[in-house]
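Enquirer: Sequence first, predicted coordinates after that:
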Amino acid sequence: MAWNPQAAGLQEILTTIHKSMDVDVIIERNITQRLLTRAPDYIGYLAHILTAMPQEEEKTRTAAGFLLKNNAPLILSSSPEVAQYVKVAVFRPFDDDSESVTIRAVAGQCIVSFLGVLEPRNWPECLPQLLNMLDLPDLDRQEAVFNVLQKACEEYPRKLDVEIGGARPLDFMIPKFLLLGDHISSRMRSHAVACLACFVPVNSQSLYVHVDTFIACLLRRASDEDPSVRQHVCQALASLLATRPEKLVPKMEHVAEFMLDSMKEQNENIAFQAAGFWLTFAKDFKLAPSLQLNKVAPVLLDCVIYGQDLEGDAIDAAFTDDKETNVKPRHCGAKSHGFDRDAGDEAHAKVPKPCVEAYREKTIDSDDNGDFLDDDESENESLRTRAAAALDALAVRCSSDLLDVLLAPLKGKLWSNDWLQRESGILALGAIAEGCIEAIEPHLSTLVPHLINTLNDSKPLVRSTTCWTLGCYASWTTQPISDEHKEKYFIPTMKGLLCMILDNNEQVQEAGCSAFATLVEHAGMELAPYLELVLHKLVSAFEMYQHKDMLILFDAVGTLADAVGRELSDSTYVEILMPPLTNCWAELKDEDIGLIPLLECFASVTIAMGQAFLPYAPPVFERCCSIILQYQQFQQNPDLDEPDKSCLVATLNVLSGLTQGLGMALKALIGQSQPNLLTLLTICLKHPQVAVRQSAYALVGDMAMACFPILKPHMPGIMAKLILQLDPEPKAEFLGASDNAAWSVGEVALRYGDDPEFQQWVPSLISRLIPILLHPKAPRSLRENAAVSIGRIGLMHPNLVAPHLPEFAQAWCQALYEIRDNEEKDSAFRGLCTMVQVNQAGIANSLWWLCNSIVQWNQPSPKLNNMFKTLLQSLKQHDETGWAAQVAAFSPVVQEQLATRFGV
């Protein structure tokens, strides 16, 4: 039986809509909830008002349509009769040639929403109906239908690429779109190309069987008179380059020429899509031989100029407009324990974090300070950002070849009298820094002083971008080459950026702080002689900055603390820095967005100051315990507000900092805490959010190292949770927590020593750690942490671990082969030596790996070196014939090392 609206229900909904035409989202939601209880067929009434009541005012029908669109998921719980009524109703405005454009557009939005909710399988007649309506007699309705199809293709292309009843809708849609790509109407051509482009990134086979026809269509439309058509052509070609480059290579000459011309277009949307093509091109090394660098690079350079659609004064005004939304909290990260590897292992080398990106349009209307092409922030991209990103990628790919092409025009921009040209040159110089650093180094003696002078430019945007670019070259300016280098480049850069931190423009302040933090990370201890100057400048910034601007300043202070370490514990420095920090600590409420970056700042400062922080520790410790207690209270009463995960992570990181900095001096504070900190820590070890558990496991390891007597009484409850976290193949998001758990059990084992209490956990730990070593998919960092912990447990309890040597010895040596010499690796190898002495037969099949790992050491501790010598000589004496046979197969280098260093 077909559904029809009841007069009473219809009138009630109409009355409610009339009374609430100008409502916000919350009121709209309340209206929906109220009407749902009174009119279960709510969406049916809304569809009727939108499509079958022309006597109502258009704004009333439009309001009903938007309510219908926003409540599309209700169709899943509606009766079949109501659902069918709605499906039919939303098509009525397209059948009626007298219907208004507005009502037709709203109905189209409803179709897109309902099709997205139901998916084509549950509304199989929708797509064929839309496709047939593309042949309606008048162009306006054709275009309205095509607009619906385009929105659906853009929003959920994968949902459309399905098989229904043995047929795929796209098998009929794609040929139709290709045909309409040559339609007489430019609007129809634009829709056709846009729809086709949507199915390239999802690798639709329905499209790829027509890929040659598709490319031919795109090349025909490349000269289309309509800019929107050319824009979609650029987008489609860029997507094809990323997914099926081999199809474009034979036609690359024509495609490249079109893309170069498109980047020169006055229409920035077209140029933006074309820049994306060259960004993709630059990242694909297989396409490099086809790249016409001398043509592409200068055009990209010209596209880097700021806001080509704005006048300079408008840019300057927008840049100077400081808004609270321009600075957002930097959500902290959970600590993760890992090892430094030998220099040759570049893939895992530590890289200083980048400063605030100047590639982004953040200086005008974005509150983000992350990478300029973060997928989550793609809506903030512009022609400028894409062109800069493409130059960055080209620099990595082409290096000196790119610089040969760009150096002259780049210098022309850097010294231009037009401040917009000057700023674009500075940005481009920063963009190519990573890839061209070696090639451009001979020119930096001229370029860096010019950049430092440019910090005095009258335009805030120029000063901000210059800060960022100086950060990009911090690796060069901080090199300890000579005193002259330091005086000419490092010190002026440092002082210049400190002045920018105190600039009168907030965006310049932010850029200055971020670039200074980058400089600090590269300089490290080179900054120690200038600490008093630096701290006075930072304290001045505390006095100058508004509440919302402190976030980036906290980050700069924390980075400084990490870089100079215990140099910061000097009483002079403590007395300069701590008053403003403690003032901020007192002023910020627990719910304040600035608390998290302040916590992260304190996590670094507490470690750096060490015992000098003790007078300031009580309020910090107490607040940290209070924040964790709030989570315990939430567990007991879920009606309370749940503490923010990031805040809990940052709190645990501060407690780790206090632990590392103060050690046993924390005993009194922990003893006075109610509930006891260790009780609260146990709660965090069970937190459902992995980032919280990760930092909690790190705190366990830090407490084992710094104040084990405080931790030891609570270890039975803690160890059970650590063991459960040891997984040989953790999900990617669990890796940090597993790393920290594997590392912390080794620290605990080392501090227990040969205490019999620890023996109860050895079988469980070994049964979890060995599979990590042996699992082919176990992450590298996890294998390394597991190997170190096995070695440390074996050092203290060799009789319990040594019997397992035949099972894990080779994998153990492989895991630690490339790790740089350090104390953790030293203790682990002492454990291995001890276990092998207990069970020499256990290493028989892994002797080559053992010897290779031993000679890999550069500077073992005297104790470990003696253990190596004793062990190797013992193994040789135990079976000289077998030893000689195995060593004969070793490389000459290893044989020489064994003979000269260890006498075997």
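Expert: Happy to help now that I have it. All values reported here derive from a predicted model rather than from experimental measurement.

Enquirer: which residues of this protein score low on pLDDT?
Expert: For the chain, the stretches flagged by pLDDT under 70 are 21-40, 288-290, 307-380.

Enquirer: Check which residues of stretch 896-904 are buried.
Expert: For stretch 896-904, burial by neighbour count (16 or more other CB atoms under 10 Å) applies to 897, 898, 901, 902, 904. (C-beta placed from N, C-alpha, C; glycine too.)

Enquirer: let me redo that: stretch 482-491
Expert: Residues 485, 486, 488, 489, 490, 491 are the ones in stretch 482-491 that count as buried (16+ other CB under 10 Å).

Enquirer: which residues of the stretch 801-904 of the chain fall in helices?
Expert: Using DSSP state H, counting those that start in this stretch, the helices of the stretch 801-904 of the chain run over 805-816, 823-838, 847-855, 862-878, 880-887, 892-902.

Enquirer: before we move on, what about the stretch 301-450 of the chain?
Expert: For the stretch 301-450 of the chain, applying DSSP H, counting those that start in this stretch gives helices covering 312-320, 383-398, 400-414, 419-431, 433-440, 444-454.

Enquirer: Now do the fourth one and helix 433-440, the angle between them.
Expert: Angular relation of helix 419-431 and helix 433-440 on a 0 to 180 degree scale: 90 degrees, by axes from the mean of the first three to the mean of the last three CA atoms, to 10 degrees.

Enquirer: Show me what helix 419-431 is packed against.
Expert: Applying 3 or more CB pairs under 8 Å, 6 or more residues apart in numbering; DSSP states H and E, we find helix 419-431 packed against helix 312-320, helix 383-398, helix 400-414, helix 444-454, helix 460-472.

Enquirer: which is the next helix or strand following the last one?
Expert: Right, helix 460-472. Note on helix 460-472: by DSSP states H and E, the next helix or strand toward the C-terminus is helix 474-477.

Enquirer: which residues are in contact with that following helix?
Expert: Helix 474-477 has contacts (CB atoms under 8 Å, 6 or more residues apart in numbering) with 352, 437, 441, 444, 448, 470, 489-490, 493, 515, 518-519, 521-523.

Enquirer: hang on, residue 612 is in a helix, isn't it?
Expert: Yes: under DSSP: H, G, I helix; E, B strand; the rest coil, residue 612 sits within a helix.

Enquirer: That one against residue 574, yeah?
Expert: Yes: using CB atoms under 8 Å, residue 612 is in contact with residue 574, at 4.9 Å.

Enquirer: where does residue 777 fall, phi/psi-wise?
Expert: phi -100, psi 10 (degrees, to the nearest 10).

Enquirer: now it, nearest residue through space, not along the chain?
Expert: Spatial nearest neighbour of residue 777, excluding adjacent residues (CB to CB, 6 or more residues apart in numbering): residue 729 at 5.1 Å.

Enquirer: ok, back up a step: export the helices and strands packed on helix 419-431 to a markdown table and tack on mean neighbour count and distance to residue 780?
Expert: Formatted as a markdown table, those follow (neighbours: other CB atoms under 10 Å; distance: least, CB to CB, whole Å):
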| stretch | mean neighbour count | distance to residue 780 |
| --- | --- | --- |
| helix 312-320 | 15 | 44 |
| helix 383-398 | 25 | 24 |
| helix 400-414 | 18 | 33 |
| helix 444-454 | 17 | 36 |
| helix 460-472 | 28 | 29 |
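
Enquirer: Dump these to a markdown table, plus distance to residue 637.
Expert: Formatted as a markdown table, the helices and strands packed on helix 419-431 follow (distance: least, CB to CB, whole Å):
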| stretch | distance to residue 637 |
| --- | --- |
| helix 312-320 | 47 |
| helix 383-398 | 47 |
| helix 400-414 | 61 |
| helix 444-454 | 56 |
| helix 460-472 | 47 |
